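In: I need the structure of the sequence given here:
(one chain, ligands or ions: 2)
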Amino acid sequence: MSDELLTPDQMAKADRLAIEGGPFDGYGLMLNAGRAVAAVVLAHFPQARHAHILCGPGNNGGDGLVAARFLREAGMAVSAYLAPAPREGGEVARALADFPETVRPLEAFCATAEDVVVDALFGAGLARPLDGVFATLVDKARLSGAPVVAVDLPSGVSGQSGAVLGAAMAALRTVTFFRRKPGHLLFPGRGLCGTVEVADIGIPRRVLAEIGVDLFENTPRRWRAALPAPDPLGHKYSRGHAGIFSGGPSATGAARLAAMAAARSGAGAVTLLSPASALLVNAAHLTAIMLQRADDPDHVAAFAGERKLSALAIGPGYGVGEKCRAFVAMAAGLRRERGLGLVLDADALTSFEGEPEALFACLNLGGVEEAGSVVLTPHEGEFARLFPGLGAHVGLSKVERARRAAARAGATVVLKGSDSVIAAPDGRAVINIHASPYLATAGSGDVLTGLITGLLAQGMPGFEAAAAAVWLHGDAGLRLGAGLVAEDLPAAIPAVLAGLSAADESFREGPR
Ligand SMILES: NC(=O)C1=CN([C@@H]2O[C@H](COP(=O)(O)OP(=O)(O)OC[C@H]3O[C@@H](n4cnc5c(N)ncnc54)[C@H](OP(=O)(O)O)[C@@H]3O)[C@@H](O)[C@H]2O)[C@@H](O)CC1
Ligand SMILES: [K+]
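Out: Ligands and ions are numbered 1, 2, ... in the order given. Here you go, the predicted structure:
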């Protein structure tokens, strides 16, 4: 499956460019779309007693009318229901004229669990919350128990953000056209789409270049070429040296999880930077990971120079407060002066609650010549603390929120969740769906931080390192499944890396 994602506006442009360049006109595309929907219904619900096609006033409804005609021709019992009067002379009017039966008003819809419902009320043109008869149809469809096949998007789901506007259909399958939209990958939309199929309706791939696609599913294709490979003549320090800050004696586990993940990602050396008070606790649990006392920022800076540290992570289990801010400032300095990669997570983010500008200022200080990449890895709670005004309820898509945050911070932002978004300050963004709900477990985020740090330490750029780490972490979660605990994740990384070539193949470009 292709990994480009188009917003509804970009999709409208794709339609327009395709029509201009031919060979299909608007009605030709609609015929192809309706045929594809009918094919999915016939393939997956051949035993349905009756097909009910709910058609809205726009082109989504037109696709529905075409599908109704093909289903009828295939021998299915069909009822089509249409919103009041489509625009005269338009493609929907043409689809209506070509439908040989009388269509019924939407209010007449009534289905049973043995039937199938085709939801063609609204797609890309959804402009406001569903209410009135449309909201009633959502309830009626749900209560009928009939499977729903959505045309383009479940009606009520925003293609742009995945948000539900008012109410939304819950589909078992969704047939979209040409490329998926962000709303198919972002929750809650993703949870309402069922299985998403992408139909080729004759829009040529060349239109993508003109649209300037800037959002993708997070697949290996996006970062595979930047993934570090060991130099046969290299040594452990030339493979990158990652430093992970540990918390105090009762909060050391998070940093050790991150350290082991950094090592598993391929970094040649990993050092745990521990307060003196936690040295013994950490020493009792470490083997391949090195240990260094770290109570004074100047000493750590000197150590980083002597031992050629190439990336640092601070935050997991570290503790919120002044000490954390001081070490972040020191790390930001090393990043500016020596090009170290830097990952800030958890307590390092929360430590700047109420004064995020202080963090962004120290990350963005001028005179940067060989500054390394910075990656911030907030979950929604930490994100809202660090980026007031960009929290989940501001009416922007998760992609837009992450993009604005990345631009504000001058850093790659991983906005974590079941639909993690990774955004770079230059606007590049990917949405990750390659993950498992079993990853929502204590310590899992610490492992992700370690993977990013390990990849940065090996010289991978920030955006690619973050996207790769999120995918590798997700793949480990999918492999382990039920019963996984965070300790299992680093150990699963060798198999994940070994399987990467095969995964890569499955994301190769399609024929168009
Ligand atoms: N373009 C092409 O060539 C191709 C497009 N294709 C198909 O077209 C679909 C996009 O079509 P579209 O742009 O006509 O939008 P669509 O989703 O049908 O809705 C717009 C209509 O709904 C109305 N409306 C909106 N929200 C509402 C609400 N809450 N409650 C009530 N009304 C509401 C809105 O009214 P208005 O806002 O103008 O008042 C307008 O009348 C796309 O998803 C795909 O299926 C394929 O055939 C391939 C070729
Ligand atoms: K729909």
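
In: any idea which residue sits dead centre in this protein?
Out: Closest residue to the average C-alpha location of the chain: residue 431 at 1.9 Å, with C-alpha atoms, centre = their mean.

In: Find the nearest non-adjacent residue to it, please.
Out: residue 185 (4.5 Å; C-beta to C-beta, 6 or more residues apart in numbering). Bear in mind the C-beta positions are built from the backbone N, C-alpha and C, glycine included.

In: gap between the one you found and residue 156?
Out: Applying C-beta to C-beta, to the nearest Å, the value for residue 185 to residue 156 is 17 Å.

In: so where's this protein uncertain?
Out: Within the chain, the stretches with pLDDT under 70 are 366-370, 503-512.

In: which residue packs closest to residue 161, ignoring adjacent ones?
Out: Leaving aside its sequence neighbours, residue 161 sits nearest to residue 397 (C-beta to C-beta, 6+ apart; 3.4 Å).

In: same deal with residue 23?
Out: In space, residue 23 is closest to residue 202, 7.2 Å off (C-beta to C-beta, 6+ apart).

In: The one you found is in what secondary structure piece?
Out: Secondary structure assignment for residue 202, by DSSP states H and E: no helix or strand.

In: Tell me the residues of the chain that contact ligand 2?
Out: When proximity is defined by C-beta under 5 Å from the ion, the chain lies next to ligand 2 at 119, 123, 150-151, 155.

In: and the residue nearest to residue 431, what does it touch?
Out: Counting by C-beta atoms under 8 Å, 6 or more residues apart in numbering, residue 185 makes contact with 5, 162, 217, 419, 431, 433.

In: which residues sit in contact with the second one?
Out: The contact partners of residue 162, by C-beta under 8 Å, 6+ apart, come to 182-190, 397-398, 419.

In: just those now: which is nearest ligand 1?
Out: Taking C-beta to the nearest ligand atom as the measure, residue 183 is the one of the contacts of residue 162 closest to ligand 1, at 10.9 Å.

In: Please save the CA atoms from the helix or strand harbouring residue 454 in CSV.
Out: Using DSSP H and E, residue 454 falls within helix 444-457. What follows is helix 444-457, C-alpha atoms only, in CSV (Å, rounded to 0.1, in the frame of the first residue of the first chain):
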residue,chain,number,x,y,z
SER,A,444,7.6,1.4,27.2
GLY,A,445,8.2,5.1,26.5
ASP,A,446,11.6,4.9,28.2
VAL,A,447,12.6,2.2,25.7
LEU,A,448,11.5,4.5,22.8
THR,A,449,13.6,7.3,24.2
GLY,A,450,16.6,4.9,24.3
LEU,A,451,16.0,3.8,20.7
ILE,A,452,15.9,7.3,19.4
THR,A,453,19.1,8.2,21.4
GLY,A,454,20.9,5.2,20.1
LEU,A,455,20.1,6.0,16.5
LEU,A,456,21.0,9.7,17.0
ALA,A,457,24.3,8.5,18.6
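
In: Mind checking what secondary structure residue 285 has?
Out: Three-state call for residue 285 (DSSP: H, G, I helix; E, B strand; the rest coil): coil.

In: ok, the residue nearest to it when sequence neighbours are not counted - contacts?
Out: Of all residues not flanking residue 285 in the chain, residue 256 sits nearest, at 5.9 Å (C-beta to C-beta, 6+ apart). Counting by C-beta under 8 Å, 6+ apart, residue 256 makes contact with 246, 272, 282, 285-286, 289.

In: mind checking the SS state of residue 256?
Out: Of the three states, residue 256 takes helix according to three-state DSSP.

In: circling back: test my guess that the residue nearest to the centre of the chain contacts residue 402.
Out: No - Residue 431 lies out of contact with residue 402 (C-beta atoms under 8 Å); the separation is 9.3 Å.

In: Which residues are in contact with the closest residue to ligand 2 within the stretch 351-500 of the chain?
Out: Per C-beta to the ion, the residue of the stretch 351-500 of the chain with the smallest distance to ligand 2 is residue 397, at 18.8 Å. Each residue near residue 397 by C-beta under 8 Å, 6+ apart is listed here: 158, 160-163, 182, 186.

In: Among those, which one sits closest to ligand 1?
Out: residue 158 (10.3 Å).

In: For the closest residue in space to the closest one that isn't next to it in sequence, give me its contacts.
Out: Nearest residue to residue 158 in three dimensions, chain neighbours excluded: residue 183, at 5.3 Å (C-beta to C-beta, 6+ apart). Residue 183 makes contacts with 153, 157-163, 189-190, as judged by C-beta under 8 Å, 6+ apart.

In: ok, so what distance separates residue 183 from ligand 2?
Out: Distance, residue 183 to ligand 2, using C-beta to the ion, to the nearest Å: 11 Å.

In: After the helix or strand where that residue lies, which helix or strand is next? Please name it.
Out: Using DSSP H and E, residue 183 sits in helix 182-185. Using DSSP H and E, the helix or strand that follows helix 182-185 in sequence is helix 189-193.

In: Show residues contacting that following helix.
Out: In contact with helix 189-193 (C-beta under 8 Å, 6+ apart) are residues 150, 153-154, 157-158, 161-164, 168-171, 174, 183-184, 419, 433.

In: Contacts for the next helix or strand after that helix, please.
Out: The element immediately downstream of helix 189-193 (helix or strand, assigned by DSSP H and E) is strand 195-199. The list of residues contacting strand 195-199 from outside it, by C-beta under 8 Å, 6+ apart, reads 1-2, 32-33, 36-37, 40, 172-180, 184.

In: 6 Å instead?
Out: Residues from elsewhere that reach strand 195-199 (C-beta atoms under 6 Å, 6 or more residues apart in numbering): 36, 173-177, 184.

In: Stretch 378-386 now?
Out: Here stretch 378-386 has contacts from 349-350, 353, 356, 391-392, 415-416, using C-beta under 6 Å, 6+ apart.

In: redo that, cut-off 7 Å
Out: Stretch 378-386 has contacts (C-beta atoms under 7 Å, 6 or more residues apart in numbering) with 346, 349-350, 352-353, 356, 391-392, 405, 415-417, 445.

In: from the chain's centre, how far out does it sit?
Out: 17 Å (C-alpha atoms, centre = their mean, to the nearest Å).

In: Just the C-alpha atoms of it, please, in PDB.
Out: Only the C-alpha atoms of stretch 378-386 are listed here, as PDB (Å, rounded to 0.1, in the frame of the first residue of the first chain):
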ATOM      1  CA  PRO A 378       5.900  14.100  24.900                       C
ATOM      2  CA  HIS A 379       2.700  12.200  25.500                       C
ATOM      3  CA  GLU A 380      -0.500  14.300  25.300                       C
ATOM      4  CA  GLY A 381      -0.200  15.400  29.000                       C
ATOM      5  CA  GLU A 382       3.500  16.500  28.700                       C
ATOM      6  CA  PHE A 383       2.700  18.100  25.300                       C
ATOM      7  CA  ALA A 384      -0.100  20.200  26.800                       C
ATOM      8  CA  ARG A 385       2.300  21.400  29.500                       C
ATOM      9  CA  LEU A 386       5.000  22.300  27.100                       C
END
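
In: re the thing from before, any idea how far the helix holding residue 183 is from the chain center?
Out: For helix 182-185, the distance from its own C-alpha centre to the chain's C-alpha centre is 9 Å (C-alpha atoms, centre = their mean).

In: do that helix and ligand 1 meet at all?
Out: No - against ligand 1, helix 182-185 shows no contacts by C-beta under 6 Å from any ligand atom, the least distance being 10.9 Å.

In: Tell me the one of the residues of the chain next to ligand 2 nearest ligand 1?
Out: Checking the residues of the chain next to ligand 2 against ligand 1 by C-beta to the nearest ligand atom gives residue 123 as the nearest, at 2.0 Å.
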